[in-house]
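Participant: Whatever this is, show me its structure:
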Amino acid sequence: MSSRLPSLNEILEEVRAEREGQNAHFDALDSKAGILLGFAGALVALTPTEDHLLVDVGRMAAVLAAALALWAFWPRRYSVTNLRVLRDRYLTADPRFTQKTLLDTHIQMAEQINESLRRKVWRVKAAMVALGAAALLVAIGVSVR
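Facilitator: The predicted model follows:
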């Protein structure tokens with residue numbers, strides 16, 4: 001089987017590196033979402049309570065930013081290899097067959113994670129836009145009073 005799959009190890013290593021990169025990207029997005037959540041909360045808390053439409057709309061945009069950041073920060077499901085099944089089914093199998101099965105499984109996990117990552121990126125970007133709009137609206141509303 002090894003002659004039919006000469007690049008199996010290289011591909012498996014690349015898939016592992018991709019999954020590690022995905023995890024690092026998730027961690028970075030979680031950090032950004034946490035910072036956005038903190039800034040949005042501070043903006044809501046520190047915005048004057050005067051009755052001005054722009055300030056009120058800015059405060060609501062900050063609340064929206066906080067909600068989007070919290071949604072982005074929300075824990076996700078994490079795909080992992082079921083080690084007991086791996087041991088029970090593949091302990092006596094041909095090593096190349098086991099490697100190919102692991103490769104296929106990790107590719108499927110990476111594809112699922114990419115979709116989850118794409119949604120998280122969208123939420124963080126939306127929170128950033130909402131927070132930027134909130135800060136601008138509050139600044140304009142405070143300066144025109």
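Participant: where does the chain have its least confident helix or strand?
Facilitator: For the chain, the helix or strand with the lowest mean confidence is helix 83-90, at a mean of 87 (criterion: mean pLDDT, DSSP states H and E).
Participant: can you give me the offset of it from its chain's centre?
Facilitator: Put simply, helix 83-90 sits 30 Å off its chain's centre (CA atoms, centre = their mean, to the nearest Å).
Participant: My read is that residue 116 contacts residue 75, right?
Facilitator: No. Applying CB atoms under 8 Å as the test, residue 116 and residue 75 come out as separate, 11.2 Å apart. (Each C-beta comes from the backbone N, C-alpha and C, glycine too.)
Participant: of the two, who's got more company?
Facilitator: residue 116 (15 against 6; other CB atoms under 10 Å).
Participant: can you pull the contacts of that one?
Facilitator: Taking CB atoms under 8 Å, 6 or more residues apart in numbering as the criterion, residue 116 is in contact with 76-77.
Participant: Okay, and it sits in which element?
Facilitator: Residue 116 is located in helix 95-143, with elements delineated by DSSP states H and E.
Participant: follow-up on the earlier one: which other helices and strands contact the least confident helix or strand of the chain?
Facilitator: Using 3 or more CB pairs under 8 Å, 6 or more residues apart in numbering; DSSP states H and E, the elements in contact with helix 83-90 are helix 95-143.
Participant: what angle do the helix it packs on and helix 83-90 make?
Facilitator: With axes from the mean of the first three to the mean of the last three CA atoms, to 10 degrees defining the directions, helix 95-143 sits at 160 degrees from helix 83-90.
Participant: Now name the helix or strand holding residue 64.
Facilitator: Under the assignment given by DSSP H and E, the secondary-structure element containing residue 64 is helix 53-73.
Participant: secondary structure class for residue 4?
Facilitator: Assigned by DSSP: H, G, I helix; E, B strand; the rest coil, the conformation of residue 4 is coil.
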